[in-house]
Structure formats: structure tokens, C-alpha cells
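Engineer: Quick one: sequence plus predicted model below, questions after.
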Amino acid sequence: MIKRILLILLILILAASFFYFDLNQLLTLDGLKGSMAQFNDYKAQSPLLIIGGFFYFISSSPPYPYRVPLF
């Protein structure tokens, strides 16, 4: 019973903090376009860092059965 109450309380806290910190603006189309533009600017400034981060992500991911396929 205590675990159920704690789980409900945790979900309520997460939902309230999502709207309190205005994180829902990041999920709008304008927010996603802004993030993509910011990423493209960063990629233009330092492409080697982006490529290195990509290969680090691929090499440190879990083995094949758990890896997300890259299409």
C-alpha cells in the first residue's frame, strides 16, 4: 500500500515539475525546430566533436540484441 502511494506521489511530482519548469515548450514544433537549428549551428562550429560523440555513443551502447537499430 505504501509503495502504491509513493508511486502515485512520484508521478504527480514529475507531472507538476514538467509544467512548472515549462518543459512542454520543448515538445512543440517550434521548440523542436529551435533545438535542431541550435544543433546545426553547433555542428557547423565543431563537426569533429559531433562525429566523435556519435562514434562514442555507438561504441558504448549495449550489445546487438539491446541496441536500437539505426535506419
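Structural biologist: Good, I have the coordinates.
Engineer: does the closest residue to Leu32 other than its chain neighbours count as helix, strand or coil?
Structural biologist: With Cβ to Cβ, 6 or more residues apart in numbering as the measure, Leu26 is the residue that lies nearest to Leu32, at 7.5 Å, once sequence neighbours are left out. The C-beta positions use only the backbone N, C-alpha and C, and glycine is treated the same way. Assigned state for Leu26: helix (three-state reduction, DSSP: H, G, I helix; E, B strand; the rest coil).
Engineer: Am I right that Leu26 is in contact with Ser35?
Structural biologist: Yes: the pair Leu26 / Ser35 is scored as a contact, 7.0 Å apart, by Cβ atoms under 8 Å.
Engineer: Where in this protein is the helix or strand with the lowest mean pLDDT?
Structural biologist: Ranked by mean pLDDT, DSSP states H and E, the helix or strand of the chain with the weakest confidence is helix 47-59, at a mean of 89.
Engineer: What are the contacting residues of that one?
Structural biologist: The set of residues external to helix 47-59 that reach it, using Cβ atoms under 8 Å, 6 or more residues apart in numbering, is 42-43.
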